[in-house]
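In: here is my input; please provide its structure:
(6 chains)
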6 protein chains.
Amino acid sequence: MFSVTVRDHMLVAHSLKGDVFGPAQALHGATYIVDATFRGDVLDDDGILVDIARAADELRALMAGLTHRNLDDLPELAGRNTTTEVLAQHVGDRLADRVRAGALGSCVTSLEVTLHESHVARASYERSL
Amino acid sequence: MFSVTVRDHMLVAHSLKGDVFGPAQALHGATYIVDATFRGDVLDDDGILVDIARAADELRALMAGLTHRNLDDLPELAGRNTTTEVLAQHVGDRLADRVRAGALGSCVTSLEVTLHESHVARASYERSL
Amino acid sequence: MFSVTVRDHMLVAHSLKGDVFGPAQALHGATYIVDATFRGDVLDDDGILVDIARAADELRALMAGLTHRNLDDLPELAGRNTTTEVLAQHVGDRLADRVRAGALGSCVTSLEVTLHESHVARASYERSL
Amino acid sequence: MFSVTVRDHMLVAHSLKGDVFGPAQALHGATYIVDATFRGDVLDDDGILVDIARAADELRALMAGLTHRNLDDLPELAGRNTTTEVLAQHVGDRLADRVRAGALGSCVTSLEVTLHESHVARASYERSL
Amino acid sequence: MFSVTVRDHMLVAHSLKGDVFGPAQALHGATYIVDATFRGDVLDDDGILVDIARAADELRALMAGLTHRNLDDLPELAGRNTTTEVLAQHVGDRLADRVRAGALGSCVTSLEVTLHESHVARASYERSL
Amino acid sequence: MFSVTVRDHMLVAHSLKGDVFGPAQALHGATYIVDATFRGDVLDDDGILVDIARAADELRALMAGLTHRNLDDLPELAGRNTTTEVLAQHVGDRLADRVRAGALGSCVTSLEVTLHESHVARASYERSL
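Out: Model (predicted):
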């Protein structure tokens, strides 16, 4: 199996609802370093699973819609607790939409998104296509 | 599938038994940067797989029992060669005990522990719960 | 010359005032990975410039007062644009207060604080004591 | 399951054939930071999956045959587009040959090779033995 | 003193002239991860030493003229051995031109460029303005 | 000014004398990731400050005399507290001996050695030649 990973980041504010979050219930923020990994069993005729430049462009476009925002105000995330896991899923599902729309060729069969919230914590979401 | 990873470290001395270890048969030491990854298919009602703060606390508590020790003297590791693989398994099994005891909610179905022994070598142990 | 560096982090929200900041004028956030470096020409009788554990404790205490906050609401930062440079200076000046109060021995003669706001950008502030 | 990963690197020139590669069709180059991961379900009697020193030696030997070369001129890669994915497969298949030849014990049942081409992009190839 | 650092990269081929370079006399290549650091004693009225976004743009523009090239063919580097040190100086001098042209405000008084050629080697060039 | 940095590591056991060290008074160990930085104002006729390969060789030779040891037993460190600062000085002074002996050309005028003891702590020693 092959995989290709590209990295980008977003700078966001948010708050979390629920006693479990302790001080993170207050409005705060994070830099999420985002790794998007695309997987598949075969390469295309050019010898690639996915065009790295296009994969980076797709991730950048997604980041552009989230960075420099207060996630508490984003309609697309309304009613959800924007935990690192939920954000990884959100980014992963949007990338999956793009793959299914043909934006990244036809070799990708699954993907994984990892959000690093600091040098000591990260969360991932993996799904098939 | 979701995963959450937290990082901590321990500073230990040890020696390894067996010709294969060459100079590592002598008493020496290592900083192990430890990544503990928890995995599961669903999130709880708060939108988390596991509380990152509690996961970090559990890993820190485990590290506190190992760091600043000579592993050759630890009863819990007696008779075992404390290779990076064995230590990863030891940490992983102790964390699995804590997950099964309910310390980290009910969503975690497997975990993986990675010990980085330098910038050029690491070992991991993965198991189900 | 000797130096000792310890690392911690904070998760904050803030906004920046001024056209130059473009989209960063909106409320957003960041994880700042913070490196505090202490410098001096001589070591004490124990062979240390500064006790690494105490240095880490001092940095952690400072982070505790800033993390999980909206910096726009903090009285101690009122009226200042909390750019990465300004935050580095704020953290550096607070650490300098602690060094001068004797919290980290008597060998430190200058310090530097670096805030990493992502994997591709950081800012530092260096000062004497 | 256990895994052991060792890291090395190579400095190579190459060009890529195909419109999809845009400016990378011209002769250029890359530092590939190479992580070789060996996996298996059991440890041997010494408590290791694979001898880390021997694994590092095997990877270094492979790197020695590729580094400081123009990959466009290497007979063993003739007719192939040396994309990051293809190079990961090439390195992975050569390492698999070595494992099957007994160079790394008998516990390894699969391996994965990751080539980091920059701080923001990497590709992997995983295979069984 | 304050500093701001931004990171980018370039993928280049080149060869080096001189027996000292051994195998690096052959055509090969490298990914240079490039850190550009700008330094100055005071911040402007907005609380910045330099606009991080503009600094990143300036570095990206410079990288665009070098990446995906064979440096042996670049007129601007003709007759020079493109060692990591020389390339750091080249990038640093071009950035200095841009700072002097006013592209990055008026607070920067010196700069440093670091080129990471692998995870185990890098070179820097520092100069005043 | 130019600088060149090479990285290596050592795996050592040791203990520290003095109440300030708390649990580190017991025998324990560390992986020290060691960065050796060489500085000078001019490059030689080949366009280098120092041959990176030779610099790496010199650092590796030094590491070979320290790694896989219990530093408490090393005659060359007898009577010294092997704190991270002291070890940085020890490595730095040995490298300075080698530079003065002509092993790394004639351009180096100062050097700095940084020992990373974990992902959150490091110490450095800088000296002229």
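In: avg pLDDT for whatever helix or strand A:T5 lives in?
Out: Element membership of A:T5, judged by DSSP states H and E, is strand A:2-14. Regarding strand A:2-14, the rounded mean pLDDT is 98.
In: check chain A for me, the residue farthest from its geometric middle.
Out: A:D45 (27.7 Å; CA atoms, centre = their mean).
In: and that one, which of the three is it?
Out: Following DSSP: H, G, I helix; E, B strand; the rest coil, we place A:D45 in the coil state.
In: for it, give me its contacts.
Out: Listed by CB atoms under 8 Å, 6 or more residues apart in numbering or on different chains, A:D45 has no contact partners. For every residue, glycine as well, the C-beta is placed using N, CA and C.
In: distance of it from A:N70?
Out: 45 Å (CB to CB, to the nearest Å).
In: go on, A:E126?
Out: Counting by CB to CB, the gap from A:E126 to A:N70 is 28 Å.
In: cool, and A:D35?
Out: Distance, A:D35 to A:N70, using CB to CB: 24 Å.
In: ok, A:S128 next?
Out: Using CB to CB, A:S128 is found at 32 Å from A:N70.
In: give me the more crowded residue out of these two.
Out: Each of A:S128 and A:N70 has its neighbours counted (other CB atoms under 10 Å in any protein chain shown); A:N70 has more, 19 against 10.
In: thinking again about what came up before, do the strand holding A:T5 and chain E come into contact?
Out: No: judged by CB under 8 Å from any CB of the partner chain, strand A:2-14 makes no contact with chain E; its nearest approach is 11.0 Å.
In: who does the helix or strand following that strand touch, helix- and strand-wise?
Out: Scanning forward in sequence from strand A:2-14 by DSSP H and E, the next helix or strand is strand A:28-40. Contact partners of strand A:28-40 among helices and strands, from 3 or more CB pairs under 8 Å, 6 or more residues apart in numbering or on different chains; DSSP states H and E: strand A:2-14, helix A:52-64, helix A:84-100, strand A:110-118, strand C:2-14, strand C:28-40, strand C:69-70, strand C:110-118.
In: quick check: buried residues in strand A:28-40?
Out: With burial defined by 16 or more other CB atoms under 10 Å in any protein chain shown, the residues of strand A:28-40 counted as buried are A:28-40.
In: got a list of what the closest residue to chain D within chain A touches?
Out: Of all residues in chain A, A:G47 sits closest to chain D, at 3.7 Å by CB to the nearest CB. Under the criterion of CB under 8 Å, 6+ apart, the neighbours of A:G47 are D:80-83, D:85-86.
In: got the contact list for the nearest residue to it once chain neighbours are set aside?
Out: Here the nearest residue to A:G47 in space, its sequence neighbours aside, is D:N81; by CB to CB, 6 or more residues apart in numbering or on different chains that works out to 3.7 Å. D:N81 sits next to A:46-48, D:16-18 when contact means CB under 8 Å, 6+ apart.
In: buried only: go through these for me.
Out: For these, a burial check counting by 16+ other CB under 10 Å picks out A:46-48, D:16, D:18.
In: which of these lies closest to chain F?
Out: Ranked by distance to chain F (CB to the nearest CB), the buried ones among the contacts of D:N81 are led by D:L16 at 27.7 Å.
In: which parts of chain A sit against chain C?
Out: Residues of chain A lying near chain C (CB under 8 Å from any CB): A:7, A:9, A:11-14, A:23-24, A:26-33, A:67-70, A:117-120.
In: one more time with 10 Å
Out: Contact residues, chain A versus chain C (CB under 10 Å from any CB of the partner chain): A:7-16, A:21-33, A:64, A:66-73, A:116-121.
In: roughly how far does A:T31 sit from D:L74?
Out: Between A:T31 and D:L74 the computed distance is 41 Å (CB to CB).
In: ok, now A:G79?
Out: Between A:G79 and D:L74 the distance is 56 Å, computed by CB to CB.
In: same thing with A:G47?
Out: Relative to D:L74, A:G47 is positioned 15 Å away (CB to CB).
In: what's the answer for A:P75, then?
Out: Using CB to CB, A:P75 is found at 53 Å from D:L74.
In: between these two, which is the more surrounded one?
Out: Higher neighbour count among A:P75 and D:L74: D:L74, with 16 against 6, using other CB under 10 Å.
In: quickly list what A:G40 is bridged to.
Out: Beta-bridge pairing for A:G40 (DSSP bridges): A:F2.
In: ok, it - contacts?
Out: By CB atoms under 10 Å, 6 or more residues apart in numbering or on different chains, A:G40 lies in contact with A:1-4, A:49-50, A:99, A:104-111, A:129, D:85.
In: kindly report the same for A:V12.
Out: Contacts for A:V12 (CB under 10 Å, 6+ apart) come out as A:29-32, A:63, A:66-72, A:74, A:82, A:87, C:13, C:27-30.
In: what of A:A88?
Out: A:A88 neighbours (CB under 10 Å, 6+ apart): A:32, A:34-36, A:112-115, A:122-126, B:2-4.
In: does A:L16 touch B:I48 like I think?
Out: Yes: contact status for A:L16 versus B:I48: in contact at 9.0 Å, counting by CB atoms under 10 Å.
In: what touches both of those two?
Out: Here A:L16 and B:I48 share the contacting residues A:81, A:83-84, A:86, scored by CB under 10 Å, 6+ apart.
In: which one of the residues you listed is nearest chain C?
Out: Nearest to chain C, judged by CB to the nearest CB, of the shared contacts of A:L16 and B:I48 is A:T84 at 10.9 Å.
In: and for the residue most central in space within chain A, nearest residue in space, chain neighbours not counted?
Out: Centroid check for chain A by CA atoms, centre = their mean gives A:V91 as the closest residue, at 3.3 Å. Using CB to CB, 6+ apart and skipping the chain neighbours, the partner closest in space to A:V91 is A:V113 (4.8 Å).
In: distance check, that neighbour against D:E126.
Out: The gap separating A:V113 from D:E126 is 19 Å, by CB to CB.
In: more crowded one of the two?
Out: Comparing A:V113 with D:E126 by other CB under 10 Å, the one with more neighbours is A:V113, at 27 against 19.
In: with that, I have no additional questions.
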